[in-house]
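Asker: Here's a sequence, model it:
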Amino acid sequence: MTGTGLAQPGEVSPHSVQRERVTSAELRRHRRRSSVLAQAPSLLVLAVVVVFPLLYSINLSFRSYSLVTPNHTGQWIGLDNYTRMLHDDDFHHAIVVTAIFVVAAVALETILGLVVGTLIDRLRRTRRVAVSMLLLPMIVTPLVVGLMFNFALNAQFGYLTWAMKSIGLTAGVGALNSTPGALVVLVLIDVWEWFPFVALMVLAGLQTLPKEPFEAASIDGASTLQSYRYITLPMLAPILGVAVLFRATEAVREFDKVYVLTGGGPGSATTVNDLYQYRVSFLDWDLSYGATLGLVSFAFVLLLSGVMYRTLSRKEVQR
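Answerer: Down below sits the predicted model:
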């Protein structure tokens with residue numbers, strides 16, 4: 001019979017279809033609720049640790065708040081802090097020093113990491129030992145690294161200072177007390193600590209490369225150097241890009257080693273951006289201007305990360 005709402009043999013009842021739809025919708029809502037509840041603790045921590053300080057810093061950057069200047073208790077001053085930043089020669093100098101440090105350190109770490117990672121990939125029996133040795137500088141905190149080299153480069157009794165003097169690299173003053181030498185030493189120390197990161201990423205990338213292109217190149221008579229240049233390096237480009245992105249965003253925020261080793265000296269030769277922000281915020285107690293500098297640095301790092309990410313994504317799509 002028809003028109004009774006009963007399903008004929010071999011047919012599906014409309015009521016059963018509706019019940020399945022309701023059940024499916026309830027199941028999706030239940031999953032969404034469960035997902036929100038599961039993520040709630042992480043979202044709460046993120047809000048407390050990241051979102052609230054960011055919003056507070058944005059509000060502070062538009063005010064005049066200092067713990068040592070009378071009558072500066074948070075008055076609204078608009079864009080005055082940002083205008084001051086545009087005319088702050090000390091801030092401009094810190095930006096230049098930071099840029100030199102980042103470019104030099106990341107470039108050397110990338111080149112050295114690429115070479116060392118390639119050499120370790122060719123090892124067989126001693127590969128694990130080499131990887132273990134690479135991990136040693138990375139597991140030491142930057143503050144401890146700074147203290148280690150502060151002792152080793154001491155102008156009176158540092159063993160590295162003695163070694164450099166013996167071969168004529170330094171004169172009466174230590175390397176950390178000379179204007180060009182201090183920044184060079186900081187770059188080399190950062191390279192020593194972090195080139196293993198690039199080397200390990202290169203090593204991991206080399207072990208995942210397909211063998212077919214190399215076999216085809218070998219059949220065509222390509223040399224090892226040609227295969228490395230035209231096959232290995234282009235295939236490793238995304239991995240190197242990620243390594244450069246990580247290291248650049250970290251090097252921009254360099255503070256620990258500079259604070260321990262030179263304190264920004266001699267003079268202001270090694271005053272990087274984060275150290276200058278520290279002085280403004282916690283030595284001069286100008287919290288509003290310090291928040292402004294921090295926000296600008298945060299925006300720059302975010303922009304740098306976005307540009308590099310889009311560049312890497314575009315290259316990956318083209319492949």
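
Asker: What residues sit buried inside the host helix or strand of residue 106?
Answerer: Assigned by DSSP states H and E, residue 106 belongs to helix 89-121. Residues of helix 89-121 classed as buried by neighbour count (16 or more other CB atoms under 10 Å): 91, 94-95, 97-98, 101-102, 104-106, 108-110, 112-114, 116-118, 120-121. Bear in mind the C-beta positions are built from the backbone N, C-alpha and C, glycine included.

Asker: so what does it touch, helix or strand wise?
Answerer: With contacts taken as 3 or more CB pairs under 8 Å, 6 or more residues apart in numbering; DSSP states H and E, helix 89-121 sits against helix 127-139, helix 179-206, helix 233-251, helix 273-278.

Asker: Dump the helix or strand just after the longest one to PDB, restricted to CA.
Answerer: Remark: after helix 179-206, the chain's next helix or strand is helix 212-219, criterion DSSP H and E. Extracted as PDB, the C-alpha positions of helix 212-219 are listed here (Å, rounded to 0.1, in the frame of the first residue of the first chain):
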ATOM      1  CA  GLU A 212      65.800   7.200  -8.200                       C
ATOM      2  CA  PRO A 213      67.000  10.700  -9.300                       C
ATOM      3  CA  PHE A 214      70.500  10.000  -8.200                       C
ATOM      4  CA  GLU A 215      70.500   6.600 -10.000                       C
ATOM      5  CA  ALA A 216      69.300   8.300 -13.100                       C
ATOM      6  CA  ALA A 217      72.000  11.000 -12.800                       C
ATOM      7  CA  SER A 218      74.600   8.400 -12.300                       C
ATOM      8  CA  ILE A 219      73.500   6.600 -15.500                       C
END
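
Asker: Which strands and helices lie in contact with helix 212-219?
Answerer: Looks like helix 212-219 contacts helix 224-227 (3+ CB pairs under 8 Å, 6+ apart).

Asker: does residue 75 count as helix, strand or coil?
Answerer: Three-state assignment for residue 75 (DSSP: H, G, I helix; E, B strand; the rest coil): strand.

Asker: just to revisit the earlier point, among the helices and strands packed on helix 89-121, show me which one is buried the most.
Answerer: helix 273-278 (a mean of 22; mean count of other CB atoms under 10 Å).
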